[in-house]
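**Q** output the structure for:
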Amino acid sequence: MVNLDILIIGAGTAGEYTAGTAKQSVDSVGLIEKGPVGGDCIFHACIPTKVLVHAARTCKKMRSADGQEERAEHDEILVATGRKPAIDDLNLTAAGIETSKKGIPVNGSLQTNVPHIWAAGDVTGMFLFTFVAGEQGKAAATNASSGKQKELNYDILPRATFCDPEVASVGLTEKQAREQGYRVKAGKFDYANLTRPILSDETEGFIKIVAEEDSGRILGGHIVGVEASSLIHEVAAAMAGGLTVSDIGNTLHAYPTLSEGVRYACQAIM
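**A** Below you'll find the predicted structure:
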């Protein structure tokens, strides 16, 4: 019998964030996830505006990683298994709009299968981020009102999870880059070796840069640690400008700052 103060069903962004927060005030927290921890991707969605909490003494059966069934008692259960677009009551079929389990399919200019109707935001089921929804809304409004075909580039999409420590990423991982045929190299620099985190006693984490081996062009960046959500934008801007690890590695950074870590991670593969 496993006794937990809180059981969280769903180990995506919301689940992991809530687990980390809950652990600060209770002794035991459990996470259940049918897929990889972090969901399809740890950065898959922003924290939902609504969660379902049942305050009751609840018994559940759960299956552990080795296939054994266990019984567990929990005081609280939080269901964080994701979201789906609220489109059932819109009668979209009357307008001839096609839908899927993820929402409303759109093309690159956010146009639905009905040429004079556009869709933007979480309803498209693409990238469930507030900042993406805002840009999609602007693009859809422009396209619908001007006849233009503005398309957004999702290749450089900074993603952040505001857990403790923060996690942020942009571009490709080493594995993804190799799967796409790149010859890659990666550089890593630990927060523990960076003066600013040492001064603030926040040394948990690292900065990792993924680059094309021959050209040194930056393909991705991944950061775990304090202010990761802010630091990742230097990597994103470098990618947007087609910069290499030498460009960043040879650029002076103020001392003592967290952003020095980005420079040193690039220098590790120069």
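
**Q** what are the contacting residues of the longest helix along the chain?
**A** Using DSSP state H, we find that the single longest helix of the chain is helix 130-146. For helix 130-146, the external contacting residues (Cβ atoms under 8 Å, 6 or more residues apart in numbering) are 46, 109-111, 116, 118-122, 124, 126, 148-152, 154, 157. Glycine gets a C-beta too; all of them are placed from N, C-alpha and C.

**Q** what's the answer for stretch 168-179, then?
**A** For stretch 168-179, contacts defined as Cβ under 8 Å, 6+ apart pick out 43, 155-161, 180, 182, 184, 186, 210, 212, 218-224, 228-229, 231-232, 235-236, 239.

**Q** rounded mean pLDDT for it, please.
**A** Model confidence over stretch 168-179, given as mean pLDDT, is 95.

**Q** repeat that for stretch 145-165.
**A** The predicted model assigns stretch 145-165 a mean pLDDT of 87.

**Q** using CSV, write out every CA atom in that stretch.
**A** C-alpha atoms of stretch 145-165 as CSV (Å, rounded to 0.1, in the frame of the first residue of the first chain):
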residue,chain,number,x,y,z
SER,A,145,-8.8,41.4,-43.8
SER,A,146,-6.1,42.1,-46.4
GLY,A,147,-5.9,39.1,-48.7
LYS,A,148,-2.3,38.5,-47.7
GLN,A,149,-0.9,35.1,-46.9
LYS,A,150,1.3,35.7,-43.9
GLU,A,151,2.7,32.5,-42.4
LEU,A,152,4.5,32.1,-39.0
ASN,A,153,7.8,30.3,-38.6
TYR,A,154,7.6,27.7,-35.8
ASP,A,155,11.1,26.3,-36.4
ILE,A,156,12.5,28.8,-33.8
LEU,A,157,10.0,28.5,-30.9
PRO,A,158,11.3,29.2,-27.4
ARG,A,159,9.6,27.0,-24.8
ALA,A,160,9.7,27.3,-21.1
THR,A,161,8.4,25.5,-18.1
PHE,A,162,8.2,27.5,-14.9
CYS,A,163,9.1,24.8,-12.4
ASP,A,164,12.0,24.9,-10.0
PRO,A,165,14.5,25.0,-11.5
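
**Q** what residues sit buried inside that stretch?
**A** Of all the residues in stretch 145-165, those buried under the rule 16 or more other Cβ atoms under 10 Å are Leu152, Leu157, Pro158, Arg159, Ala160, Thr161, Cys163, Pro165.

**Q** in helices, which of the residues you listed fall?
**A** Among these, no member falls in helices (DSSP H).

**Q** now those as a markdown table including distance to Thr99?
**A** Output for these, formatted as a markdown table (distance: Cβ to Cβ, whole Å):
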| residue | distance to Thr99 |
| --- | --- |
| Leu152 | 21 |
| Leu157 | 24 |
| Pro158 | 29 |
| Arg159 | 26 |
| Ala160 | 30 |
| Thr161 | 29 |
| Cys163 | 33 |
| Pro165 | 39 |
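
**Q** which two among these are spaced furthest apart?
**A** Largest separation among those by Cβ to Cβ: Leu152 and Pro165, giving 29.6 Å.
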